[in-house]
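**Q** this is a predicted model, with the sequence first.
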Amino acid sequence: MADKTAVEPRRDRRHARHQATKREILDAAWKMVRDAGVNALSLRALARVVDMEPQSLYTYFDSKHSVYDHLFADGNRELLARFDRLEVSDDRRRALDAVARLFVTFAAEDQARYELLFLRTIPDFEPSPESYAIAVEVFKRGRSILTDVGLRTLEDFDLWTAVVSGLSSQQLANDPGGDRYIRLIDNAVAMFSEHVFGR
């Protein structure tokens, strides 16, 4: 008679430790770029922070760009998670307001993350196909909402992008930690809606 007791697979402790150390390194990298700027990342300094020999760091990341790539994926996963939680109204203007508020507040929270995800501030950095796929999913999610509320032309999408990214960059540049430009979201959405839907 066969033993019906289910045998659970053994936990791969080495892999779990490797992943935990990798996460520790990435958390330290986030702190470094948030404290000193997105271009301040140094593998030697990062190794010191996590109490590791610099050459040992290469067991986890083979280059500085590899660290940036993982941070890029981290940031886009967080933005995607926020889109997943977004409640979109049937009212077009409220839906646009929700999308704008999500993006501008996300940008305003973290200048280093904003620069890494949306500006080309790191020379020669290109995200890997795996990381970029997450960014593409973010774009698709936002584009789908905008299409559903009635944006149809490339000009409309370009104008929307300019309005929202403009509010984001102004907030970060002129009132970091405040809400000077976040408070303009309703007005910006109203002007945009009048222009697009009032035609």
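**A** Looks like it came in fine.
**Q** list the contacts for residue 29?
**A** Going by Cβ atoms under 8 Å, 6 or more residues apart in numbering, residue 29 touches 41, 46, 67, 71. C-betas here are computed from N, CA, C, even on glycine.
**Q** what would those residues look like in TSV with neighbour count, pLDDT and secondary structure?
**A** Listed next are these as TSV, based on neighbours: other Cβ atoms under 10 Å; pLDDT from 0 to 100; DSSP: H, G, I helix; E, B strand; the rest coil:
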residue	neighbour count	pLDDT	secondary structure
41	21	94	coil
46	21	96	helix
67	23	97	helix
71	22	98	helix
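**Q** could you identify the pair within these that is furthest apart?
**A** Checked with Cβ to Cβ, the contacts of residue 29 reach their widest spread between 46 and 71, with 11.5 Å between them.
**Q** so what are the domain limits for the chain?
**A** 13-62, 64-197 (automatic domain parsing).
**Q** ok, now which ones touch residue 92?
**A** 149, 150, 193, 197.
**Q** inside helices: which ones of those residues?
**A** With DSSP state H as the criterion, helices contain 149, 193, 197 from among those.
**Q** which one of those residues sits in the busiest neighbourhood?
**A** Ranked by the number of neighbours (other Cβ atoms under 10 Å), the ones in helices among the contacts of residue 92 place residue 149 first, at 19 neighbours.
**Q** does it really touch residue 94, like I thought?
**A** No. Taking contacts as Cβ atoms under 8 Å, residue 149 lies outside contact range of residue 94: 9.3 Å.
**Q** list the buried residues in the helix or strand where residue 143 lies.
**A** Residue 143 belongs to helix 129-149 when assigned by DSSP states H and E. Buried residues in helix 129-149, counted by 16 or more other Cβ atoms under 10 Å: 131, 134, 135, 138, 141, 142, 145, 146, 149.
**Q** may I have stretch 141-151 exported as CSV, CA atoms only?
**A** C-alpha atoms of stretch 141-151 as CSV (Å, rounded to 0.1, in the frame of the first residue of the first chain):
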residue,chain,number,x,y,z
ARG,A,141,-2.2,49.9,-18.0
GLY,A,142,-2.2,53.7,-18.1
ARG,A,143,-2.9,53.9,-21.9
SER,A,144,-5.9,51.5,-21.5
ILE,A,145,-7.5,53.8,-18.9
LEU,A,146,-6.9,56.8,-21.0
THR,A,147,-8.4,55.1,-24.1
ASP,A,148,-11.4,54.0,-22.1
VAL,A,149,-12.2,57.6,-21.1
GLY,A,150,-12.0,58.8,-24.7
LEU,A,151,-8.5,59.8,-25.6
